[in-house]
Structures are given as C-alpha cells and as structure tokens.
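Enquirer: Turn this into a model:
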Amino acid sequence: MIKITSKHFEVTESIRERIEARLAKLARHDVQLINPHVIILQEKQGFKIEASVGIPSAKLFAQAKHEDLYAAINAMGQKLEKQLNRLTHKPESQRHATLKREDDAIDEGFDDNIEEEYAA
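Expert: Residues are numbered from 1 along each chain as shown. Here you go, the predicted structure:
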C-alpha cells in the first residue's frame, strides 16, 4: 500500500490513481516495493513531489517540481525508474565481473589431452 501525504491541499482519487499507476511501472523490474511513501507539496510556483521507496537491496528517493501536478508525478516516476534500472543492471555493467566470466568459460573449454595425441 502506498502512503500518500499532502501539504496544503487535498489528494483526489485521480491523483492517487496516477501515483499508483506510476509506481506500478516499477514492478516491471520484478522488485518488491517496501513502504512506498509519496509527499506532495503545493508551492507558489507549482507543485513539488517527493517519493521514497525501499527495495530489498537499497532505498530509492526522487523529487520533482513542476507547475502541473501530473507532470511532476511523471517526472518523479521517471527518476525512480532510472534509479531502479541502474541498480538492477549494475552487476552486468561491472567490467571486471564480465571479464571474469569470460575467463572461466575459456578455462572450462581447454582440453589437456593435446600432448597425448601428438606424443607418438
């Protein structure tokens, strides 16, 4: 369940649905969301939205400002997706890990029987 807190205005059902839909896109990465909390602030220039979401290996935090609330929600969701994408693909992007896997594959395919075949 997503906890939504607002300051200086009331959260309508359509705003709640938009936030829930935006955070549901994070489920594409097959990661469990732990205690998602969204704070919406109404300022003079527009809206500021902050979100903190825990995942099993880390904690994600994003904030966005915009004149339109729905645009701020989308920007915040994009920032969370970018962070989650970076965390889930981090092992793949580490060069030393991929080189180690390639070296292991080369060593496994090495055949020691070469000397026996040519030792006539």
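Enquirer: for this protein, which spans come out with low pLDDT?
Expert: Low-confidence segments of the chain (pLDDT under 70): 95-120.
Enquirer: And the residue nearest the centre of it?
Expert: By Cα atoms, centre = their mean, the chain has its centre lying nearest to residue 84, at 1.1 Å.
Enquirer: Quick check, that one in contact with residue 61.
Expert: No. Using Cβ atoms under 8 Å as the test, residue 84 is too far from residue 61 to be in contact (11.6 Å). Glycine gets a C-beta too; all of them are placed from N, C-alpha and C.
Enquirer: For the chain, which segments count as strands?
Expert: 3-7, 34-42, 47-55, 58-66 (DSSP state E).
Enquirer: if I pick the residue nearest to the centre of the chain, what's in contact with it?
Expert: Neighbouring residues of residue 84 by Cβ atoms under 8 Å, 6 or more residues apart in numbering: 26, 29, 31, 55, 60.
Enquirer: and these, which two are the farthest apart?
Expert: With distances taken as Cβ to Cβ, the most widely separated pair in the contacts of residue 84 is 29 and 60, at 11.0 Å.
Enquirer: Mind checking which of those two has more residues around it?
Expert: More crowded of residue 29 and residue 60, by other Cβ atoms under 10 Å: residue 60, with 21 against 13.
Enquirer: I'd like the distance between that one and residue 74.
Expert: According to Cβ to Cβ, to the nearest Å, residue 60 and residue 74 sit 16 Å apart.
Enquirer: What of residue 65?
Expert: According to Cβ to Cβ, residue 65 and residue 74 sit 12 Å apart.
Enquirer: Then residue 52?
Expert: Residue 52 is 18 Å from residue 74, by Cβ to Cβ.
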